[in-house]
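1. Task: produce atomic coordinates for the following.
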Amino acid sequence: MAIRVVRLGSARSENEGIRIGTVRRPPRGVPKANFASHNWYDVWFPNLAPSIETMKLAQAAKTPAQWAAFAKKYRAEMETPEHSHAIELLAVLSHQTNFSVGCYCENEAHCHRSILRALLIEKGAKVEDLNYH
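-> Here you go, the predicted structure:
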């Protein structure tokens, strides 16, 4: 049992389980009825996505200092009780069932999901190390 951190829209892995979209907005131009069948996500959970303001910091980050500022702000958002409880819940569930969380970004290292991965691990989640680069 474990969490996989994935790129939404990518082919699903065997035994991946439910795919949770931790993104602020649904995929553009895709009917809601096709989200799961087109490998976007089964459940939309924007609670674990950066706020719009914070997401813009990530998109504009060109230097390590700018990325660090984004990471600090996103981590602060995830420390609020609502978000922290959600991360703790996913961490506990990772020991009981397979599921995945993800975002659209091509490069996980320059995406909030790299930080979400770390937050889940910090809360004791069992996270598979597949596709991390």
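
2. mind listing the strands for this protein?
-> Ranges of strands within the chain are 3-7, 18-21, 43-44, 99-103, based on DSSP state E.

3. Could you dump those into TSV with mean pLDDT, distance to Arg117 and mean neighbour count added?
-> C-beta: built from backbone N, CA, C; applies to glycine. Below are the strands of the chain laid out as TSV (pLDDT from 0 to 100; distance: least, CB to CB, whole Å; neighbours: other CB atoms under 10 Å):
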stretch	mean pLDDT	distance to Arg117	mean neighbour count
strand 3-7	95	5	23
strand 18-21	97	13	20
strand 43-44	96	18	16
strand 99-103	96	8	24
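
4. would you turn those strands into TSV with distance to Leu93?
-> What follows is these, written out as TSV (distance: least, CB to CB, whole Å):
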stretch	distance to Leu93
strand 3-7	8
strand 18-21	10
strand 43-44	12
strand 99-103	7
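
5. quick one, which of those is nearest to Ala61?
-> strand 99-103 (14.8 Å; CB to CB).

6. one step back: do you know which of the strands of the chain lies nearest Ala125?
-> Among the strands of the chain, strand 3-7 sits nearest to Ala125 (CB to CB), with 5.6 Å.

7. same for the closest one, what does it pack against?
-> In terms of contacts (3 or more CB pairs under 8 Å, 6 or more residues apart in numbering; DSSP states H and E), strand 3-7 is packed against strand 99-103, helix 112-122.

8. among those, which is nearest Ala71?
-> Closest to Ala71 of the helices and strands packed on strand 3-7, according to CB to CB: helix 112-122, at 5.5 Å.

9. which of the residues in that closest one are buried?
-> 112-117, 119-120 (16 or more other CB atoms under 10 Å).

10. contacts for that helix?
-> Contacts with helix 112-122, where a contact means CB atoms under 8 Å, 6 or more residues apart in numbering, come from 3, 5, 22, 48-50, 55, 58, 71, 74-75, 78, 87, 90-91, 94, 101-103, 105, 108, 127, 132.

11. can you do 6 Å?
-> Identification of contacts with helix 112-122 by CB atoms under 6 Å, 6 or more residues apart in numbering yields 5, 50, 71, 74, 78, 87, 91, 103, 108, 127.
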